[in-house]
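Novice: predicted coordinates and the sequence they were generated for:
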Amino acid sequence: MTASPCLYIVPTPIGNLSDITLRAIEVLKAVDCIAAEDTRHSGILLQHLDVKAPMIALHDHNEQQRASVLIEKIQQGQSIALISDAGTPLISDPGYHLVKLCRDAGVKVVPLPGPCAAITALSAAGLPTDRFVFEGFLPAKEKGKEDRLQALAEESRTMVFYESPRRVIDTLTTMLQVLGDRQIVTARELTKTFETIHSLPLSEMLVWLQEDENRTRGEFVLMVAGKTDTQEELPAEATRTLLLLQKELPLKKAAALTAEIYGLKKNALYAWGLEQQKSER
Ligand code: SAM
C-alpha cells in the first residue's frame, strides 16, 4: 500500500504479539514516520514486524510541543502513524492533543480498529454491555478516588476501570466502602500466559485476591456492575443491631450474625460496617 499524507491511529497488541491486524502492519510499513510513546519499547514490536520507519517520541510530557511538528510534516506531504506502548492510542494513553490539533487544522485522521484492554475485558465479563462507562484510571490519592467513586454511586451502567497491581487491593477496598457489595469482574493479564478473568462480589473478591499474591500480579481491568433497583436499603433495625454487635465482635462475625437474625445478605452488612468504621476514623 501507499500511505496518504495523514495521521493514522494504529492499535498495537496488549500482550500477545499476534494480536495486530494485517492492515496495521501494512500501515506501519508504509508510513514515513511513527510517533511512539516509548521508542525503545515500541522498537521491539517494530523489529519483530520488520518495520523500518523512523520513530519520533510522543509522550505526555512533550505532546503539545511535538504535535505541531508532526502536523507540519503531514502538511508537507508525509504520512505518520501514532502508536502507544500497548492497545489503542488515546485510550488512557497520549494522542488526544495531537488528534485535536490535526482535526482543528483540517488534517485527515485515519483510525484503525484493534486491541483495547477495556473492550477485550468487557467482551468476556458477563456484565451488561449494552451500556457501559469507561472511567480509565481512578485518582491515585485516596480522597480523589473516593470522590470519583462517590460521583459514580448512582451510575446504572457497567463501569470499566484500569488499575495497576500495586493499587488494586486499595481500590477494591474503597469501591466496597463507597459502592457497597457490588459484583466485580477482574480481568488480569489479558492475552498473556496468566490471563485470569474472575467474577465475585467485591467483599469476596478482596478475600480471593489476598489469598495468593500471584492473583494481584500483572495488569488489570476492573469492571463493576452498575447500580440496580433491586439493591435494597438495609433496614434501620438491622444496622442498629450490627453496630451493637460490632462493639463486641469482629465485623465479619457481627455481620454474619446480623444477617442470620434478619435474613439479609452478610456481604451487604459487612460493606455497611466497613463504611461505618471508616467514617469513625
Ligand atoms: N491504550 C491501552 C488500551 O487500549 O487498553 C491502555 C493503556 S493504559 C496506560 C494501561 C492499562 O491498561 C493497564 O494499567 C491496565 O489497566 C490496562 N491493560 C493493558 N494491557 C492489559 C492486559 N493485557 N490485561 C489487563 N489489563 C491491561
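Specialist: Thanks, I have the structure now.

Novice: what pLDDT is listed against Glu63?
Specialist: For Glu63, the pLDDT comes out at 93.

Novice: correction: Leu264
Specialist: pLDDT, Leu264: 88.

Novice: what do you get for the one 10 residues further on?
Specialist: In the predicted model, Leu274 carries a pLDDT score of 81.

Novice: so it belongs to a helix, correct?
Specialist: Yes. Read with DSSP: H, G, I helix; E, B strand; the rest coil, Leu274 is one of the residues of a helix.

Novice: that one - nearest residue in space that isn't next to it in sequence?
Specialist: Nearest residue to Leu274, sequence neighbours excluded (C-beta to C-beta, 6 or more residues apart in numbering): Gln177, at 5.4 Å. The way it works is simple: take the backbone N, C-alpha and C, and place the C-beta from them, glycine included.

Novice: can you pull the contacts of that neighbour?
Specialist: 146, 271, 274-275, 278 (C-beta atoms under 8 Å, 6 or more residues apart in numbering).

Novice: now with 10 Å?
Specialist: 146, 149, 202, 271-272, 274-279 (C-beta atoms under 10 Å, 6 or more residues apart in numbering).

Novice: any idea how far the ligand is from it?
Specialist: Using C-beta to the nearest ligand atom, to the nearest Å, Gln177 is found at 21 Å from the ligand.

Novice: is that residue in a helix, a strand, or coil?
Specialist: Gln177 - assigned by three-state DSSP - is helix.

Novice: what residues are bridge-paired with the residue of the stretch 51-200 of the chain found nearest the ligand?
Specialist: Closest residue of the stretch 51-200 of the chain to the ligand, C-beta to the nearest ligand atom: Gly87 (2.4 Å). Beta bridges link Gly87 to Thr12, judged by DSSP bridges.

Novice: give me the number of residues near it?
Specialist: Gly87 is flanked by 25 other residues according to other C-beta atoms under 10 Å.

Novice: Ala236 too?
Specialist: 8.

Novice: and what of Leu138?
Specialist: For Leu138, the neighbour count with other C-beta under 10 Å is 22.

Novice: what sits against it?
Specialist: 144-149, 152, 161-163, 167, 170-171, 174-175, 222.

Novice: tell me the one of those nearest Leu22?
Specialist: Tyr162 (27.6 Å; C-beta to C-beta).

Novice: skip the chain neighbours and tell me the closest residue to Leu264.
Specialist: Leu264 sits nearest to Ala238 (C-beta to C-beta, 6+ apart), 5.9 Å away.
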